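Student: Prediction below, plus the sequence it came from.
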Amino acid sequence: MNSSAARHDGSEPGRRARRRGRVRSWLTGVVAGLVALGLLVTGYGVAIEPRLILNEERIQARIPGLGPDWEGAQVLVFSDLQVGMWWDNTSMIERVVEQAVAADPAAVLLPGDFLYQSETSIQERIQHVTELLEPLTAAEIPVYAVMGNHDYAVGAVEELTTAFEERGIEVLADEAVLVPAPGGGPGPGLFLVGVGPSSVGAADPQEALEDLPEAAPRLVMMHNPTTFPELPAGTAPMAVAGHTHCGQIALPLLSRWSYLGLTEEEELVADGFAPDGYGAEGNEMFVTCGIGFSLLPVRINAPPQLLSIELHRG
């Protein structure tokens, strides 16, 4: 009997041959399916979620001592533009800025990382960033910023600060300023505390709070969420931070693996509200997802975010 006939008879060699054929076929199908799934997920993470999906997160904050002019006022926050990253996300930045202008908030807060490493000159990148943000100040919206670790890494902090302030964006470096009341009302103001990036040793929360009246109503803006535990109890009834990109690739059940570039400490609060016990009593922090990219131009389960904070008297 030849081998072909053996494969079609009921003998043991024939059955083994048929089993091997079925296993090979099954494995080929599984591999093909995984490749197709990987291509779909990659395409979604590169071309759809970061470019087309905007998470418009809305939260409320109760601020002790807040004046009546600020009751119900809206403050918008977006961070981590990362202009200069290969295939950066400038179209989404334009969309966020347009929506911010349309919302006409009491203030806009920008928690750092405006630039990324680039072969293009720093001045060209700074000009690009300021042009993207210019509609905010053109609409006479008060805009405040702190620098991020990437702004320090590319050596652009001084030039970027100068360019921002020439265009009406106030840059805070471990300091506090009084934000004008909505509508120019004469009532009690709201202080904004700005803290630099701790990951490059530029954060000094104590210095930032030094000249702030003890009972003054305030918001706190920082780049790194890991600065939050350094704030004394009751000094940050509402703090916002960026830096983490909410993991950028945050696969369900695999989040610890997928937090790109985050330290173990940063993974504790990579997105949303800080958990109970993180930070001193009476303080609260929300970490926003940002807009741009680090390392890879991809976002999965971590879409760009525009955060809206509605303020109420505490």
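Tutor: Great, that's in hand. What you see is a predicted model, and the numbers here were worked out from it, not measured in a lab.
Student: Need the pLDDT of F191.
Tutor: pLDDT, F191: 97.
Student: got a list of what the closest residue to it other than its chain neighbours touches?
Tutor: Using C-beta to C-beta, 6 or more residues apart in numbering and skipping the chain neighbours, the partner closest in space to F191 is R218 (4.2 Å). In short, each C-beta sits where N, CA and C put it, glycine included. By C-beta atoms under 8 Å, 6 or more residues apart in numbering, R218 lies in contact with 63, 176, 190-193, 212, 235-237.
Student: any chance of these in CSV, plus secondary structure, distance to V75 and neighbour count?
Tutor: CSV is the format used below for those (DSSP: H, G, I helix; E, B strand; the rest coil; distance: C-beta to C-beta, whole Å; neighbours: other C-beta atoms under 10 Å):
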residue, secondary structure, distance to V75, neighbour count
I63, strand, 10, 22
A176, strand, 15, 22
L190, strand, 9, 26
F191, strand, 13, 19
L192, strand, 9, 23
V193, strand, 13, 24
L212, coil, 18, 18
T235, coil, 18, 20
A236, coil, 14, 26
P237, coil, 13, 19
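Student: export those to JSON lines and tack on distance to W26?
Tutor: Converted to JSON lines, the contacts of R218 look like this (distance: C-beta to C-beta, whole Å):
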{"residue": "I63", "distance to W26": "61"}
{"residue": "A176", "distance to W26": "64"}
{"residue": "L190", "distance to W26": "64"}
{"residue": "F191", "distance to W26": "65"}
{"residue": "L192", "distance to W26": "61"}
{"residue": "V193", "distance to W26": "60"}
{"residue": "L212", "distance to W26": "66"}
{"residue": "T235", "distance to W26": "61"}
{"residue": "A236", "distance to W26": "57"}
{"residue": "P237", "distance to W26": "58"}
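Student: out of those residues, who's nearest T130?
Tutor: Of all the contacts of R218, L192 has the smallest distance to T130: 20.5 Å, by C-beta to C-beta.
Student: For R51, give me its contacts.
Tutor: Contacts of R51 by C-beta under 8 Å, 6+ apart are 89, 91-92.
Student: Swap in 7 Å and give it another go.
Tutor: Contacts for R51 (C-beta atoms under 7 Å, 6 or more residues apart in numbering) come out as 91-92.
Student: Wait, a helix at it?
Tutor: Yes: applying DSSP: H, G, I helix; E, B strand; the rest coil, one finds R51 inside a helix.
Student: Please work out how many residues are found near V83.
Tutor: A total of 22 residues lie near V83 under the criterion other C-beta atoms under 10 Å.
Student: what about the residue nearest to it when sequence neighbours are not counted, which SS state?
Tutor: In space, not counting the residues next to it along the chain, V83 is nearest to V129; the distance is 5.1 Å by C-beta to C-beta, 6+ apart. Using three-state DSSP, the structure places V129 in helix.
Student: what about V129, neighbour count?
Tutor: Neighbours of V129 under the rule other C-beta under 10 Å: 23.
Student: likewise E124?
Tutor: The number of residues packed near E124 is 11, by other C-beta under 10 Å.
Student: Could you report the distance from it to L115?
Tutor: From E124 across to L115, the span is 11 Å (C-beta to C-beta, to the nearest Å).
Student: any idea how far E166 is from E134?
Tutor: 11 Å.
Student: And these two? Which one has more around it.
Tutor: E134 (14 against 9).
Student: what's the closest residue to the more buried one other than its chain neighbours in contact with, if anything?
Tutor: Spatial nearest neighbour of E134, excluding adjacent residues (C-beta to C-beta, 6+ apart): R167 at 6.3 Å. By C-beta under 7 Å, 6+ apart, the residues touching R167 are 130, 134, 137.
Student: let's see 10 Å
Tutor: 130-131, 133-134, 136-138, 143 (C-beta atoms under 10 Å, 6 or more residues apart in numbering).
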